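> Output the structure for:
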Amino acid sequence: MPVPPVDPTRRWSAAELRRLPAEQRDAILAAAAAQAAEEYRKDLALTAFEAFGEGDLYVDSSDAQPR
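Residues are numbered from 1 along each chain as shown. As a prediction, the model looks like this:
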């Protein structure tokens, strides 16, 4: 069955996406991923940060408890 064209302006809820056939859902998610990828390429502020600061991880902490 052919997948209908995806409306790029439509905002889908998770519940709406779950009710769609897999092919249509995949097409919508692929279009959203392509749009997001382009935004991330254009706007470096979206990726110009560190997820963890120096004190956020406890890997080298002296008070880490062994398991």
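
> Can you pull out the low-pLDDT segments for this structure?
Within the chain, the segments meeting pLDDT under 70 span 1-6, 8, 57-67.

> Okay, helices next: where are they in it?
With DSSP state H applied, the chain shows helices at 14-19, 22-42, listed in chain order.

> which one of these has the most crowded surroundings?
Most buried of these by mean neighbour count (mean count of other CB atoms under 10 Å) is helix 22-42; its value is a mean of 12. C-beta coordinates here come from the backbone N, C-alpha and C atoms, glycine included.

> re earlier: using TSV, lay out the helices of the chain together with distance to residue 50.
Below are the helices of the chain laid out as TSV (distance: least, CB to CB, whole Å):
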stretch	distance to residue 50
helix 14-19	29
helix 22-42	16
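
> Residue 7 is nearest to which of these?
Proximity to residue 7 (CB to CB) singles out helix 22-42 among the helices of the chain, at 8.9 Å.

> Could you list every helix and strand that that closest one packs against?
helix 14-19 (3 or more CB pairs under 8 Å, 6 or more residues apart in numbering; DSSP states H and E).
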